[in-house]
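>>> Just the structure for this:
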Amino acid sequence: MNNKDRNRMVLAALLVLAVVPLFTRHTYHLFVASVVCVNAILVLALNFILGFAGQVFLGTVGFFAVAAYVAALLMVKAGLSFWLAMLASILATMFLCIVVGLPSLRVRGFYLALMSSGFIIVVNDVLRNWSPVTGGVFGIMRIPRPVLFGLRLSNNLHFYLFSLAMLALVTLLALRIEDSRFGRLFKAVRDDELALETLGVSATYAKLFAFVISGLYTGVAGSLFVSLHGYVSPEVFTGAYNTLFMCMLVVGGLATVPGSLTGAMLLTVLTEVLRPLREKYLTAYALLILLVLLYEPGGLVAVVRKTLDRIRGARTRRLAPAFGSEERAGS
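This is a model prediction of the structure:
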């Protein structure tokens, strides 16, 4: 996909989110729209590791849990503002990404997937059993909303517009990173790690940098998550929750920024539609992923790209005879 089409798809996705308040002001609908924004930021974080760098790391929700709890603890127990808590959450998550990433990236493939899955279990057990700090299974309550220009964003409309602005900023940053030499470095690691090593570039440190950037995005998503819900508990951060975000990335389009946005939009709304099925909604996700992998491995982004190519091809075929007749008339 060329950059022009990519940017247009990103703009279209953000515009769809921007016009939501024009069609509904229902509190529940705006809450779900805010969840879409938070999920999209986390899917962007996962895309740096799994999509751009090509590392099968399945522990992103573990980082998400740490980011959420750091922000919640600092706002509730330390009395810090949302902005300071988010900054601390970002720094803590990036540091944890380095600590976990250095030993983890010495392995690859199935072994990395197995190790990262265990990381989620370890984080969840710590959150459940470190009751004096994390609140145990009861979690942390009364987490405040952000204050912006003296206005507390307790209204769901205000919080949605705030989270949408945050999503737009981190999306722009993701596009800039993808087009930079760092983005090309991540894709080189994914495509041919050995060739990169022969050029004298450390693939391990390139992958570690992808982890660090992912930690930045995860810190933002975790802070918004706890502030939106006003409550956080360990039962949220499970392997099934991680699978949900991987589904969003695959269905939207792996290794693409617009794919992260469209996948989060589609599956977050689908989750609400399928909520009566409870845990069985994962079966619907599994079937959806199978269909995507069988018929369009590139996801929704590939469908849109092929549609645009067909439209351009049809337009070119219509214009070709006209140009040919003009040339004959001129000769």
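>>> The residue nearest the centre of the chain sits in which helix or strand?
Centroid check for the chain by C-alpha atoms, centre = their mean gives residue 43 as the closest residue, at 1.4 Å. Element membership for residue 43 (DSSP states H and E) is helix 27-46.
>>> helices or strands next to that helix in the packing?
helix 3-18, helix 20-23, helix 60-76, helix 156-179, helix 203-229, helix 239-252, helix 257-273 (3 or more C-beta pairs under 8 Å, 6 or more residues apart in numbering; DSSP states H and E). C-beta: built from backbone N, CA, C; applies to glycine.
>>> now do 7 Å
helix 3-18, helix 60-76, helix 156-179, helix 203-229, helix 239-252, helix 257-273 (3 or more C-beta pairs under 7 Å, 6 or more residues apart in numbering; DSSP states H and E).
>>> out of those, nearest to residue 186?
Checking the helices and strands packed on helix 27-46 against residue 186 by C-beta to C-beta gives helix 203-229 as the closest, at 5.3 Å.
>>> just for this protein, where's the confidence low?
Applying pLDDT under 70 to the chain flags the ranges 278-279, 281-282, 319-331.
>>> swap the cut-off to 80 and go again
1, 104-110, 199, 275-286, 288-289, 292-293, 312, 314-331 (pLDDT under 80).
>>> nearest spatial neighbour of residue 272, skipping sequence neighbours?
Sequence neighbours aside, residue 32 is the residue nearest to residue 272 in space, at 5.6 Å (criterion: C-beta to C-beta, 6 or more residues apart in numbering).
>>> about what we covered before: could I get the helices and strands packed on helix 27-46 as TSV with distance to residue 49 and mean neighbour count?
Formatted as TSV, these follow (distance: least, C-beta to C-beta, whole Å; neighbours: other C-beta atoms under 10 Å):
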stretch	distance to residue 49	mean neighbour count
helix 3-18	20	15
helix 60-76	7	27
helix 156-179	13	18
helix 203-229	5	24
helix 239-252	10	21
helix 257-273	12	23
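>>> Including distance to residue 314, could those helices go into JSON lines?
Compiled in JSON lines, these are given as follows (distance: least, C-beta to C-beta, whole Å):
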{"stretch": "helix 3-18", "distance to residue 314": "17"}
{"stretch": "helix 60-76", "distance to residue 314": "41"}
{"stretch": "helix 156-179", "distance to residue 314": "29"}
{"stretch": "helix 203-229", "distance to residue 314": "39"}
{"stretch": "helix 239-252", "distance to residue 314": "26"}
{"stretch": "helix 257-273", "distance to residue 314": "23"}
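>>> between those, which one is nearest to residue 286?
Across the helices and strands packed on helix 27-46, closest to residue 286 is helix 239-252 (C-beta to C-beta), at 8.3 Å.
>>> what comes into contact with stretch 236-252?
Residues outside stretch 236-252 that contact it (C-beta atoms under 7 Å, 6 or more residues apart in numbering): 39, 42-43, 46-47, 50-51, 58, 60-61, 64-65, 117, 120, 123-124, 259-264, 266-267, 282, 285, 288-289, 292, 299-301.
>>> Distance-wise, check residue 89 relative to residue 157.
25 Å (C-beta to C-beta, to the nearest Å).
>>> can you check residue 258 too?
Taking C-beta to C-beta, one finds residue 258 at 26 Å from residue 157.
>>> tell me the angle the helix holding residue 43 makes with helix 3-18.
Orientation check (axes from the mean of the first three to the mean of the last three C-alpha atoms, to 10 degrees): helix 27-46 against helix 3-18 gives 150 degrees.
>>> how about the strands of the stretch 51-200 of the chain, start to end?
140-141, 147-148, 151-152 (DSSP state E, counting those that start in this stretch).
>>> State the paired neighbours of the second one in the sheet, together with their directions.
Applying DSSP bridges, strand 147-148 is found paired with strand 151-152 (antiparallel).
>>> Looking at the strands of the stretch 51-200 of the chain, which is nearest to residue 128?
Of the strands of the stretch 51-200 of the chain, nearest to residue 128 by C-beta to C-beta is strand 140-141, at 12.9 Å.
>>> Show residues contacting that closest one.
So strand 140-141 is contacted by 72-73, 76, 231-232 (C-beta under 7 Å, 6+ apart).
>>> Tell me which two of those sit farthest apart.
73 and 231 (13.1 Å).
>>> How about residue 40: what's its closest non-neighbour residue?
residue 264 (3.8 Å).
>>> who's in contact with the one you found?
Residue 264 touches 36, 39-40, 43, 248, 252, counting by C-beta under 7 Å, 6+ apart.
>>> Can you add distance to residue 199 and give those residues back as JSON lines?
Below are those laid out as JSON lines (distance: C-beta to C-beta, whole Å):
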{"residue": "36", "distance to residue 199": "40"}
{"residue": "39", "distance to residue 199": "37"}
{"residue": "40", "distance to residue 199": "34"}
{"residue": "43", "distance to residue 199": "31"}
{"residue": "248", "distance to residue 199": "34"}
{"residue": "252", "distance to residue 199": "32"}
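>>> out of those residues, who's nearest residue 161?
Distances from residue 161 to those, taken by C-beta to C-beta, are shortest for residue 36, at 13.0 Å.
>>> Just give me the neighbour total for the closest one.
25 (other C-beta atoms under 10 Å).
>>> And for residue 56?
Look at residue 56: counted by other C-beta under 10 Å, it has 15 neighbours.
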